[in-house]
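**Q** Sequence and predicted model, in that order:
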Amino acid sequence: MTITAPETLSVTLPRRANVVRRMVSHWADYLYILPALAVMLLVIGYPVYYTIYLSFFRTPPDLSMDQKIFNGGANYAVVLKSSSFRDVTINTLIWTVFSTVFSFVLGLGAALALNREFVGRGIVRGLLLIPYVISAVAASYVWRWIYHSDYGVIGALGAQLNLSHGPVNILDNTHTVLGALIVVNVWKEFPFAMIMMLAGLQTVPDQLHRAAMVDGAGTWDRFWHVTMPHLKGVTLVTVLLMIVPNLNGFTIPWIMTGGGPAGASDLWITQVYQLAFGRIAFGTASAYSVILFIIMMVLGYFYVRALGGKDDEASE
């Protein structure tokens, strides 16, 4: 039977009426979160508004902010038509996809290993958490020295093992710099995936594994048909929580390479920083930021829809 528009409307309206009724009946509860909402509006809402406002103005370096010139959507056209935006977008996608995939796979493998009982498991767990708790700034400087062409560990090992006959240029090579930064980001990020997946693994019922073993299921079959279905929810949350910070990645690329060489490691956020504080083009940088904000909002929409859909399935 096909549901007509009036029938659909009659189903939707009671739901909305129930939501409004609950909000009205609990109006006093919202007074408790009013201070937090006010602070969020001040520290988040106003900067977002001013960034959007500033994106419609040209801000030459020789003029003060009070002398900015309205130019409509010209800043957006400059950003979207520039070849650098295309190149930076490709770099950002490569950085995000490979960082997220390798971090998740490595974290899942570590979680599967730590989910087993063995001597010294607590010590190993603590050691694997070290990259996550180290400051990103400190880690970036350490890895800069590791990658250093003259004094780095990699270059020294390569020379001792006769794998190279000269300095190993990693961060100064346009073909290897982005991959080297991804390695650092994966090393820094995989403990987060490990913690999340380990928490998910501990919720998988042992009875299901025993039943699968009785039925003759092997290790891979038990992992794929028993463990992974229980990890769907935590996998989705973990991956999405890693994608967002990777898209906004700044500290590691900026400290280690500054976007170089020749823009080979330039990402969205480093490009915005260079436009704003390097070229003093606040209007163009604001337009760039608004475009990224829209992209993040779209991802956030699908994230909420995905979580909402799983909640609906659970309630059914």
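**A** Cool, got the structure. Quick caveat: nothing in here was measured; it's all calculated off a predicted structure.
**Q** ok, and the closest non-adjacent residue to Phe293?
**A** The shortest distance from Phe293 to any residue other than its chain neighbours is 7.2 Å, reached at Val48 (C-beta to C-beta, 6 or more residues apart in numbering). Using the backbone N, CA and C atoms, a C-beta is placed for each residue, glycine as well.
**Q** er, Glu189 I mean
**A** Spatially, and ignoring its direct neighbours in sequence, Glu189 is nearest to Ser103 (4.3 Å; C-beta to C-beta, 6+ apart).
**Q** Any stretches of the stretch 1-150 of the chain with poor pLDDT?
**A** Within the stretch 1-150 of the chain, the segments meeting pLDDT under 70 span 1-20, 23-24, 63.
**Q** where's Thr219 relative to Phe190, distance?
**A** 23 Å (C-beta to C-beta, to the nearest Å).
**Q** Compare the two (neighbour count), which wins?
**A** Shown here are Thr219 and Phe190; by other C-beta atoms under 10 Å, Phe190 has more neighbours (25 against 8).
**Q** what's near enough to touch the more buried one?
**A** Phe190 makes contact with Phe102, Ser103, Phe104, Leu106, Gly107, Ala110, Pro131 under the criterion C-beta atoms under 8 Å, 6 or more residues apart in numbering.
**Q** which SS class is Gly263?
**A** When classified by DSSP: H, G, I helix; E, B strand; the rest coil, Gly263 comes out as coil.
**Q** Distance of it relative to Asp172?
**A** 13 Å.
**Q** likewise Val142?
**A** From Val142 over to Asp172 the distance is 18 Å, taken as C-beta to C-beta.
**Q** of these two, who's got more company?
**A** Higher neighbour count among Val142 and Asp172: Asp172, with 16 against 12, using other C-beta under 10 Å.
**Q** My read is that that one contacts Ala264, right?
**A** No: look at Asp172 against Ala264 with C-beta atoms under 8 Å: they stay out of range, at 9.8 Å.
**Q** which residues does the nearest residue to Leu267 once chain neighbours are set aside contact?
**A** Among residues not flanking Leu267 along the chain, Thr92 sits closest, at 4.8 Å (C-beta to C-beta, 6+ apart). Each residue near Thr92 by C-beta under 8 Å, 6+ apart is listed here: Leu247, Gly249, Leu267, Trp268.
**Q** Which one of the residues you listed sits in the busiest neighbourhood?
**A** In terms of neighbours by other C-beta under 10 Å, these top out with Leu267 at 28 neighbours.
**Q** May I have the residues that are in contact with Thr270?
**A** When contacts are counted by C-beta under 8 Å, 6+ apart, Thr270 touches Phe250, Pro253, Trp254, Gly258, Gly259.
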